[in-house]
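> Take a look and give me a structure for this.
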Amino acid sequence: LTPLILVPGMGRFLFLPMTLAVVFSMTTAYLLSRTLVPCASAFLLSSHDRHADAPAGVVGRAFARWEEVINQGIRIYVRTLDGALYHRKKTVAISFLLLAGVLLILLPVMRRDFFPDADAGAFEIAVRAESGTRIEDTEKLVKHVDRFLREKIEAIAKDDLHLTVCEIGTSPDWSAAYTPNSGPMDAIIKVQLTEERKHTSQEYIRLLREEFKKDKAFARLEFSFDSGGLIRGALNEGKSSPINIQLVGKNPNGILFKVARDIAAELSNGKIKGIADARVLQKDDAPEYILKVDRELASYRGLTQDDIMKNVIATTNSSIMYNKTVFWFDPANGNQYFVGVQFRDQKIRSKQDILDLTITSPKQGKNDPPIPLKDVASIVESHIPTEIHHVNLQPAIDLTMNVEGRDLGHVSDDVARMLDKFGKRNKDGFWAPYDPNAKDGKVLEGSKLVLTGEYTRMQETFRNLGVGLILASLLIYFLMVALDKSFIVP
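Purely as a prediction, here's the structure:
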């Protein structure tokens, strides 16, 4: 077992404590077999007479019969061992044939999971509305979802639900880095079950997943469930899904988003059994307004680009975004607060409201009338990604999915074969994606498809464990060579 201690990566994290426990227990057993056990045997068995009469009584006769059964088993084992040693070649051939038959029968159905599903007593639901949904509208949708799941859980077991917590949207500060929400259209619903629950988290997830699909009120919402808990989060580098397809590299004209949508559609058509909650995390359909300023006309009206920018930002956000020279100290706690001006959100409800804004400039006189924004600028509607993600400085798009009803290994193998339709597999295990707009199988230079997540960790750990077991077998072999003084006997 010593080589297993040297296994790197996640295998070391998972199996090092177990390996050390086995090593310490075997070492302790060896020391006891050489010290305490012989002394205790000499003391307790000193008066034992092997030729004594058969023990009397019910217990004595039962013990004698059991001892005879054990001796009979030993005699059968010895005869079988003698026969195997006499027919060595046949024994080896039959053993290999039996092993091959067992592997052929069991390998296709044998489950390959990195870590078994554990009932953490809690799970999370990622809810996503259409890109650009206002946060007050998202709040209404999440209230409906929360009420719906409470009704479904309490209908099965009234006392199983402890509480639910909903996190909606993001905040425009550093706290946005610690939430999976990418905008006002996203929400996370955390569901906590009671300790005396009658059903597991996985059972409730399967129920809710089916119920959300059936109800047409949620047809325009995306749902993703996470029940892995802390262990799965550690194994999957903090991600909520065990399988993750990353599209990394150059993304001219957003073509990788089209590849991601095509892959998500292929995963959602039901051809691969065991796939659930397949979705693209970064979308490219968030609405955007581009303000195009006619600089010549603005200059004629006495306005600069800076004047227009500051007026629009102060109206749609706050003047603090460009002016942090005005602040106030709270005398009670000494905290500093920036002071700025902004419009009420209710005042800006449409594109026309923005165009009706009045623009002022320090160069204007007191009697000069304010200039409407629509006189010097126009608004063009466009789309941008909901969030930007990078891997090693390269832009990346994540396509995540969960596994339900099948093991992680076989589902991941099916996903890898499916990716052969969307890219050319390289020797390093990545795929060069095909250009979806080309019909001749042209690949996108500078881009790649990467199958990551818990599956790759599992494959890496299994390889390291295989190497460790080979080294352990070699160590045992050489130890037996030293004891038997022969390279053949072991």
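
> other SSEs contacting the host helix or strand of Val23?
For Val23, the host element (DSSP states H and E) is helix 9-34. In terms of contacts (3 or more CB pairs under 8 Å, 6 or more residues apart in numbering; DSSP states H and E), helix 9-34 is packed against helix 2-5, helix 454-484. Where you see a C-beta, it was placed from the backbone N, CA and C, and this is true even at glycine.

> next structured bit after that helix?
Following helix 9-34 in sequence, per DSSP H and E, is helix 36-44.

> Give the other helices and strands that that following helix contacts.
Using 3+ CB pairs under 8 Å, 6+ apart: helix 36-44 touches no other helix or strand.

> any idea how far the next helix or strand after it is from the chain center?
Counting by DSSP H and E, the next helix or strand C-terminal to helix 36-44 is helix 57-86. With CA atoms, centre = their mean, to the nearest Å as the basis, helix 57-86 stands 53 Å off its chain's centre.

> Okay, buried residues for helix 57-86 please.
Neighbour counts over helix 57-86 (16 or more other CB atoms under 10 Å) mark no residue as buried.

> Give me the next element, helix or strand, following that helix.
Per DSSP H and E, the first helix or strand lying C-terminal to helix 57-86 is helix 88-106.

> Count the residues that sit near Gly183.
Neighbour count for Gly183, taken as other CB atoms under 10 Å: 19.

> Test my guess that it contacts Ser171.
No. At 11.4 Å, Gly183 does not count as touching Ser171 under the criterion of CB atoms under 8 Å.

> that older thread, chain center to the helix holding Val23: distance?
31 Å.

> low-confidence ranges in the chain?
Scanning the chain with the threshold set as pLDDT under 70 gives 1-11, 46-56, 172-173, 228-239, 365.

> And the helices in it?
2-5, 9-34, 36-44, 57-86, 88-106, 135-156, 201-214, 229-235, 255-268, 295-300, 305-316, 351-355, 408-419, 454-484 (DSSP state H).

> closest one to Asp435 among those?
helix 255-268 (7.1 Å; CB to CB).

> For the closest one, buried residues please.
Those would be 255-257, 259-261, 263-264, 266-267, for helix 255-268 by 16+ other CB under 10 Å.

> Output the residues you listed in CSV; the columns should cover distance to Thr200.
Shown next, in CSV, are the buried residues of helix 255-268 (distance: CB to CB, whole Å):
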residue, distance to Thr200
Ile255, 42
Leu256, 38
Phe257, 37
Val259, 37
Ala260, 33
Arg261, 34
Ile263, 31
Ala264, 28
Glu266, 31
Leu267, 26
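
> now, which of these sits nearest Gly121?
Leu267 (29.4 Å).

> need the contact list for that closest one.
Contact analysis of Leu267 by CB atoms under 8 Å, 6 or more residues apart in numbering lists 275, 278, 399, 401, 415, 418.

> can I get those in TSV with neighbour count and distance to Ser33?
Compiled in TSV, these are given as follows (neighbours: other CB atoms under 10 Å; distance: CB to CB, whole Å):
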residue	neighbour count	distance to Ser33
Ile275	23	53
Ala278	23	56
Leu399	22	56
Met401	26	52
Val415	22	51
Met418	16	55
